[in-house]
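Asker: Build me a model from this:
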Amino acid sequence: MNCKTVCCAICRFILVVAVTGALAQAQNPRHFSGIIDDFTPAHDAKGNPSGPWVMHGEWHLALKDSGLANFSAALTMEDSDYWFVQNANRVTPPPPNPDTPGVRTPHTHHISMEGAQVTWLDSSNMSQCPTSSYVPDTTTGFMITGPASVTGNGGFPPFAPTGQQSQLQVCITGGSQVEFSNITLVFGAPASGHFGSQPINGAVRAPKPHHDDDAH
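Answerer: Predicted coordinates for the structure are as follows:
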């Protein structure tokens, strides 16, 4: 075999590897983003009226080559209209004016989780995620779990005054038409004392195989 033949064979091999890698990346999304739009429970764990808070925000998730994942989210929260209805039914104190600035206690939270464990889901383990409330239910996806940091208005929140982390489960699931459509967040203590321990729901935008910024 002469040098020209060897060079051609090497070039063909490199081309096949490059094409195969590109196809694999195109078929396996690495970066996900979307929105969160939900309410917290109307009562806290002791049955006291504490909400519901209305939550809106955006989130990002990146699957890493290591098999782990990074997650981040930014949320706004404020007292909902139903919170005012609850207060209006009390004798004391007088119900607040819902149009008064600041009465709804608006605030922000930034959530970050790095190096989270990834578990791919199928019919054998889908029950690990809170998908049963969906109609129709989701049937495919993955879950990440790990300790998460949560801020309040850029600092330590009241439920974690020294920066304690909270266990967080994030499930990204979908169905036969859209493989990744839904996201749920489930917090453990101490963040669950503020957000509740129920699933927080949101939606997935179109996932991407590549991203210029891998910091999320």
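
Asker: State the number of residues packed around Met77.
Answerer: Met77: 22 surrounding residues under other C-beta atoms under 10 Å. Using the backbone N, CA and C atoms, a C-beta is placed for each residue, glycine as well.

Asker: Please report the distance of it from Ser197.
Answerer: As defined by C-beta to C-beta, to the nearest Å, Met77 lies at a distance of 16 Å from Ser197.

Asker: now Asp65
Answerer: In this view, Asp65 and Ser197 are 33 Å apart by C-beta to C-beta.

Asker: Please identify which of the two sits among more neighbours.
Answerer: Neighbours per residue, other C-beta under 10 Å: of Asp65 and Ser197, the larger number sits with Ser197, 13 against 6.

Asker: quick check, that one in a strand?
Answerer: No. Read with DSSP: H, G, I helix; E, B strand; the rest coil, Ser197 is coil and lies in no strand.

Asker: I figured it hits Pro190, correct?
Answerer: No. With contact defined as C-beta atoms under 8 Å, Ser197 does not reach Pro190; the gap is 11.3 Å.

Asker: in stretch 194-212, what's buried?
Answerer: Neighbour counts over stretch 194-212 (16 or more other C-beta atoms under 10 Å) mark 194-196, 198-202, 204, 207 as buried.

Asker: what's the average pLDDT for it?
Answerer: For stretch 194-212, mean pLDDT is 83.

Asker: who's in contact with that stretch?
Answerer: Stretch 194-212 is contacted by residues 25-38, 40-41, 45, 51, 55, 57, 59, 62, 130, 133, 157-159, 172, 174, 178, 180-188 when judged by C-beta atoms under 8 Å, 6 or more residues apart in numbering.

Asker: Select only the buried ones of those in PyMOL?
Answerer: Selection of the buried residues among the contacts of stretch 194-212 in PyMOL, burial being defined by 16+ other C-beta under 10 Å:
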select buried, resi 29+30+31+32+33+34+36+38+40+51+55+57+59+62+130+157+159+172+174+180+181+182+183+184+185+186+187
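
Asker: mind listing the strands in this structure by residue range?
Answerer: For the chain, strands defined by DSSP state E occupy the ranges 31-39, 53-63, 68-79, 107-121, 140-150, 166-174, 182-187, 200-204.

Asker: Okay, now the sheet partners of the shortest one, with direction.
Answerer: Pairing partners of strand 200-204, with direction, according to DSSP bridges: strand 31-39 (antiparallel), strand 182-187 (antiparallel).

Asker: Just the CA atoms of the last one, as PDB, please.
Answerer: Meaning strand 182-187. The C-alpha coordinates for strand 182-187 follow below in PDB (Å, rounded to 0.1, in the frame of the first residue of the first chain):
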ATOM      1  CA  ASN A 182     -42.400  19.400  30.500                       C
ATOM      2  CA  ILE A 183     -40.300  20.200  33.500                       C
ATOM      3  CA  THR A 184     -40.900  19.800  37.200                       C
ATOM      4  CA  LEU A 185     -38.900  21.000  40.200                       C
ATOM      5  CA  VAL A 186     -39.400  19.300  43.600                       C
ATOM      6  CA  PHE A 187     -37.500  20.900  46.600                       C
END
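
Asker: Can you give the contact residues for that strand?
Answerer: Applying C-beta under 8 Å, 6+ apart, the contact partners of strand 182-187 are 34, 36, 59, 73, 111, 129-131, 134, 138, 141, 148, 166-174, 195-204.
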